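In: turn this into a structure:
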Amino acid sequence: MWDVFLSYSRQDADHVRRLHEELIAVGLKVFTDESAVAGFAGISDTIRGALAGSRVLLAYYSAGYAERPACQWELTAAFLAGLGEGDPRRRVLVVNPEADTAHIHPVELRDTRHGEPETLVQDVLAHLRRVPGPMRLDAPPARVHGELPPAVGEFTGRLPELWRLHSALHVQEAPLVTGRTSAGPVQLRGMPGIGKSRLAREYAVRFQAAFPGGVHWVRAVAPRPPLAPEGPCLYVVDDVPHGLSPRAVRELTATHPQVRTLLITRSRAYGGHGEHLDLEPLPEPVAAALAGAPEIVDAADGHPGALGLLGRAVAAGQAPAALASRLYGPGRSLLDVLAGDELTADHVRDALTAPPEAQDVLRCALALSPLPVDAETVAAVIAAADRLPRAVAVRRAGAGLAELTARGLLPPVPHRLHPVTAHAWLHHEGDAARAETLRRAVLSTLGATGITLDRPGLPVPGVRRDSMPMRDSEAERMAAFDLQVELVSRIGVQRLPADSGSLREALTSLNSLFPFTRDTLRRYSIGLEPGTAPSVQSVADHLLNEVLRPFTTRWHPLLTAWETHRPAHVSPLDHEHAWPHANAFRRDLTTLQDPLRTVAASLADISGAEFGISTGV
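Out: Prediction:
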């Protein structure tokens, strides 16, 4: 039997050697792994046997410790052994040579000691007196309520994420370090097929000792939070969709203090609800081990689902080069063929239900891939493709990019489309003509040398800004919306209470509509001129010249003249109340409400947005 299993990264060998010597000098039996265990599937039988015959694991937890796969497995095995005995610290000791503890996971291990090896040796001896026998690595089966998802493929390359997930669910276990005394819900987020459910399943099975009340696994369509658990338990809500209200997300979270809630979702729209852990593609060494051939590593870009399918095909004898060729070929998706299912449709289901501006951004991202996409580039492309004013294109690009990011189809920064998402979208594109139009616009915009659209380096081919035709439906709708929002908040539409409020502020509010309206029309390249058609031009002309101007022309000079006679000892509001024409002003202001509401309704007809303003007819 070994007293100490010394776990460390090879880059720390010189620092660990002295510690090793000091441990041996006091008579301890110390196991060190000198074979530089490689691989990602687990630890060898030799290492597992040594761990099972050791009383404690002593981890030299430097910043690079977690980067060594063998260290990850060794620490996890010992941590779980202690967890099964009721205290994860029972079988793990940590030496932390760094200045802080933020790199240490799981969080229970952050209460570490610093010092010279001689001091640490005495700590190890004291701890060993409380741990008489070797650790037990085999844990009993988890108590599961509901049905765990199938364990598809080998779990690999995600041990650091297991640690971080455990830390997020147990932040309250180290209050002096984390500053937290209670644990909230945790979101496990990532693109389809990135391994969210697989990671959560592995965590539920491996770390079941942390949840004596069991693991409750449900889908978001049928949540059943445990109401009276028999102890601390884990509540996993799988496949939380995008687009839920804050209240609906809160209702998915268990309220019992002994229940830890884990939400699995693609959406990034629920950032304010608890902690979140974002799953990234697998690192290149792990991806290469899964793929089995370099030809398909780049095509999958660390995507576990795609790597698993392609790697199994290679292992079955299919030529890697032929697989890569079929991956980019026409017809049914190779991933769907290998899976025996239409899984690529699920990968882009949130894109298929996204607004048109989001789909256009996705098409631009595909045309730019592998370069990242940004709002300015997309705005220039859309302006060129649809002959839109810049203000309209910028708004559409920003809205589309925000929507794709919230739906988890693009990472926040940089916005680089993942090859697997691109592959899935290509096989489910609903408007090939629109995709080709934007592809051509992307190439022309980036490659032309013509006049730029207010952005150096991103020219719009063959179009002068001052002569650019505009798409009326887009520009008018946005201009109408901006005017509508401004108008419904004005005092003329919102009633001024009798004998209260400021007449000057009411008049100033109405006066400000003149410059705001002109600026809005100018921003969307809409001329301000009379017209008979139900357009923004005609509505704006009616608002300014037939509704507002008669009122302001009459009352502005009268109120200004009265204000000039205000005594120094009288407040402006009291002076207004003493104005002989105050009641007449209020009556005219009340009369103005109906025509302003009518204008707001006309703008609503153009914008399509309603604010609950009645016209009174």
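In: how about stretch 94-108: buried residues?
Out: Going by neighbour count (16 or more other CB atoms under 10 Å), the buried part of stretch 94-108 is Val94, Val95, Asn96, Thr101, Ile104, His105, Pro106, Val107, Glu108. C-beta here means a position set from N, CA and C on the backbone, and glycine is covered the same way.
In: model confidence for the closest residue to the fifth one other than its chain neighbours, exactly?
Out: Counting by CB to CB, 6 or more residues apart in numbering, Arg110 is the residue found nearest to Ile104 once chain neighbours are left out, at 4.8 Å. Taken from the predicted model, the pLDDT recorded for Arg110 is 80.
In: burial measure for Arg110, as a count.
Out: 21 (other CB atoms under 10 Å).
In: farthest pair within the buried residues of stretch 94-108?
Out: Across those, the longest distance by CB to CB is 17.4 Å; it joins Val95 and Val107.
In: okay if I get the buried residues of stretch 94-108 as TSV plus secondary structure and distance to Gly157?
Out: Output for the buried residues of stretch 94-108, formatted as TSV (DSSP: H, G, I helix; E, B strand; the rest coil; distance: CB to CB, whole Å):
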residue	secondary structure	distance to Gly157
Val94	strand	23
Val95	strand	26
Asn96	coil	25
Thr101	coil	24
Ile104	coil	20
His105	coil	15
Pro106	coil	18
Val107	helix	21
Glu108	helix	23
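In: redo those residues as a markdown table? Include distance to Gln72.
Out: Output for the buried residues of stretch 94-108, formatted as a markdown table (distance: CB to CB, whole Å):
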| residue | distance to Gln72 |
| --- | --- |
| Val94 | 14 |
| Val95 | 17 |
| Asn96 | 17 |
| Thr101 | 18 |
| Ile104 | 13 |
| His105 | 10 |
| Pro106 | 12 |
| Val107 | 16 |
| Glu108 | 16 |
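In: which one of those is nearest Glu284?
Out: Nearest to Glu284 among the buried residues of stretch 94-108 is His105, at 21.9 Å by CB to CB.
In: you'd agree the closest one is up against Pro160?
Out: Yes - using CB atoms under 8 Å, His105 is in contact with Pro160, at 7.0 Å.
In: and Val26, how far from Val121?
Out: 6 Å (CB to CB, to the nearest Å).
In: tell me which of these two has more neighbours.
Out: The neighbour count for Val26 versus Val121, taken as other CB under 10 Å, is higher for Val121 (20 against 12).
In: buried stuff in stretch 321-334?
Out: So for stretch 321-334, counting by 16+ other CB under 10 Å, buried means Leu323, Ala324, Arg326, Leu327, Ser333, Leu334.
In: end to end on stretch 231-247, go ahead and measure it.
Out: One end of stretch 231-247 sits 27 Å from the other (CA to CA, to the nearest Å).
In: got the buried residues for it?
Out: Judged by neighbour count (16+ other CB under 10 Å), stretch 231-247 contains these buried residues: Pro232, Cys233, Leu234, Tyr235, Val236, Val237, Asp238, Val240, His242, Leu244.
In: any idea how this structure splits into domains?
Out: 2-128, 144-278, 284-341, 349-467, 473-607 (automatic domain parsing).
In: how about the ones you listed, which one is nearest Asp138?
Out: domain 2-128 (8.6 Å).
In: gap between the two ends of that closest one?
Out: Its first and final residues considered, domain 2-128 spans 11 Å by CA to CA.
In: over to stretch 330-339?
Out: End residues of stretch 330-339 are separated by 17 Å (CA to CA).
In: cool, and stretch 286-304?
Out: Start-to-end, stretch 286-304 (CA to CA) is 10 Å.
In: kindly report the same for stretch 245-259.
Out: 22 Å.
In: next one: Ser167 from Pro515, what distance?
Out: According to CB to CB, Ser167 stands 55 Å off from Pro515.
In: could you do Thr101 as well?
Out: Distance from Thr101 to Pro515, by CB to CB: 57 Å.
In: about what we covered before: okay, and which of the buried residues of stretch 231-247 map to strands?
Out: Cys233, Leu234, Tyr235, Val236, Val237, Asp238, Val240 (DSSP state E).
In: just put the domains of the chain in a markdown table and tack on distance to Leu137.
Out: As requested, the domains of the chain are arranged in a markdown table below (distance: least, CB to CB, whole Å):
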| stretch | distance to Leu137 |
| --- | --- |
| domain 2-128 | 5 |
| domain 144-278 | 11 |
| domain 284-341 | 23 |
| domain 349-467 | 36 |
| domain 473-607 | 63 |
